[in-house]
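J.: Sequence below, structure please.
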Amino acid sequence: MLGERKNVNLPGVVVDLPTLTDKDVEDILKWGVPNKIDMIALSFVRKGSDLLNVRKVLGSHSKSINVENQEGVLNFDKILRETDAFMVARGDLGMEIPIEKIFLAQKMMIYKCNLAGKPVVTATQMLESMIKSPRPTRAEATDVANAFLDCMDCVMLSESTEEIIESALKSATERGLCNHGDAVVASVIKICVVK
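T.: Now for the predicted structure:
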């Protein structure tokens, strides 16, 4: 059933909707800019021109871009040229492309962001079980570590964020994963340099 704040995904359908609604522009200019927002996470980016429209509204204000649909994946290089930072938003992307292709799209986007020197965030269901458990599942720990080994710059925790923030153990677990990942990356670099 459709309701307020619900997404509608149309896999394979090219949707011709504006990047920003009049309400979005009003919110950005009347609330966001005066309150010195640091970033706008623009969802469902389909092409590089989507970003040019947002730049006109924002001027020099920073932003982060999400690709959450097949059209965005296909136009990734053009989108990357226009963005300051990038977010791999796997949730809605998984509604648009087959689940078995998400990991490959994620790795491609992170790799290209690194080549372009653009900060990249990996998001959606990162350590989600820790909302109810003090420890992540093995699969979640591996997921975070793999994103780190791909050289992403940040992991975004979502869902019940306040519950995650309340527990120092949870953030310590993520820090530990990242610290171990950092050590592995350093070792891999040393091995590659020695060869």
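J.: Can you tell me, leaving aside adjacent residues, what's nearest to L29?
T.: Of all residues not flanking L29 in the chain, V57 sits nearest, at 7.0 Å (C-beta to C-beta, 6 or more residues apart in numbering). The way it works is simple: take the backbone N, C-alpha and C, and place the C-beta from them, glycine included.
J.: quick one: average pLDDT of the helix or strand where the one you found lies?
T.: According to DSSP states H and E, V57 maps onto helix 48-58. Throughout helix 48-58, pLDDT has a mean value of 72.
J.: go on, stretch 152-169?
T.: pLDDT averaged over stretch 152-169 gives 60.
J.: Please apply the same query to stretch 85-97.
T.: The model assigns stretch 85-97 a mean pLDDT of 81.
J.: counting contacts, what elements does the helix holding V57 pack onto?
T.: strand 41-42, helix 76-82 (3 or more C-beta pairs under 8 Å, 6 or more residues apart in numbering; DSSP states H and E).
J.: who wins for proximity to A141 among these?
T.: Among the helices and strands packed on helix 48-58, strand 41-42 comes nearest to A141, with 25.2 Å by C-beta to C-beta.
J.: on that earlier part again, could you export the helices and strands packed on helix 48-58 as JSON lines, including mean neighbour count, distance to M126 and mean pLDDT?
T.: Shown next, in JSON lines, are the helices and strands packed on helix 48-58 (neighbours: other C-beta atoms under 10 Å; distance: least, C-beta to C-beta, whole Å; pLDDT from 0 to 100):
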{"stretch": "strand 41-42", "mean neighbour count": "18", "distance to M126": "15", "mean pLDDT": "69"}
{"stretch": "helix 76-82", "mean neighbour count": "17", "distance to M126": "21", "mean pLDDT": "82"}
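J.: now the helices for this protein?
T.: 22-27, 48-58, 70-74, 76-82, 90-96, 99-116, 138-149, 161-166, 168-194 (DSSP state H).
J.: and the fourth one, C-alpha only, in CSV?
T.: As requested, C-alpha coordinates have been extracted for helix 76-82 and formatted as CSV (Å, rounded to 0.1, in the frame of the first residue of the first chain):
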residue,chain,number,x,y,z
PHE,A,76,27.9,7.2,-14.0
ASP,A,77,30.9,8.7,-15.8
LYS,A,78,29.0,11.9,-16.7
ILE,A,79,27.6,12.1,-13.2
LEU,A,80,31.0,11.6,-11.6
ARG,A,81,32.4,14.5,-13.7
GLU,A,82,29.8,16.9,-12.2
